[in-house]
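> Quick one, structure for this:
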Amino acid sequence: MADDAVKTSSKSDKKDQKDKKTKKSWFKGLKAEFKKIIWTDKKTLGKQTVAVVVISAIICALITLVDSVALQLVEFIIK
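Numbers count the residues shown, from 1 in each chain. This next block holds a predicted model:
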């Protein structure tokens, strides 16, 4: 009975060590990938942010317009 507990304990210890090695390896890989990232400068980032906000506002207006027209058509058909 005691031998079973020792065997189980050593198996879990090996698994824990393997998990730790895997996590360390994963974090090392993540760190290496982050070093490969080329970050944009502030000027480019500002331009891209403005472009995204403007395009989002235009698409929002178009969706609102199409929705309003569709609603009016549905109300016209129902009445």
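> low-scoring stretches of this structure, by residue?
Across the chain, the stretches falling below the confidence threshold (pLDDT under 70) are 1-15, 18.
> mind listing the helices for this structure?
Listed in chain order, the helices found in the chain under DSSP state H are 2-36, 42-78.
> need those in a markdown table with mean neighbour count, can you?
Glycine gets a C-beta too; all of them are placed from N, C-alpha and C. Rendered in a markdown table, the data for the helices of the chain read as follows (neighbours: other Cβ atoms under 10 Å):
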| stretch | mean neighbour count |
| --- | --- |
| helix 2-36 | 9 |
| helix 42-78 | 10 |
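> how does this protein divide up, domain by domain?
Structural domains of the chain, as assigned by automatic domain parsing, span the residue ranges 1-37, 39-79.
> For residue 30, which residues are in contact?
Contacts were defined as Cβ atoms under 8 Å, 6 or more residues apart in numbering; by that measure residue 30 touches no other residue.
> measure it to residue 44 for me?
If you measure residue 30 against residue 44 using Cβ to Cβ, to the nearest Å, the figure is 25 Å.
> ditto for residue 62
When Cβ to Cβ is applied, the distance between residue 62 and residue 44 equals 27 Å.
> just residue 58 next, same as before
Summarising the geometry, the distance separating residue 58 from residue 44, computed by Cβ to Cβ, is 21 Å.
> How about residue 52?
With distances taken as Cβ to Cβ, residue 52 is found 13 Å from residue 44.
> Repeat that for residue 28.
Using Cβ to Cβ, which is the criterion applied here, residue 28 is 30 Å from residue 44.
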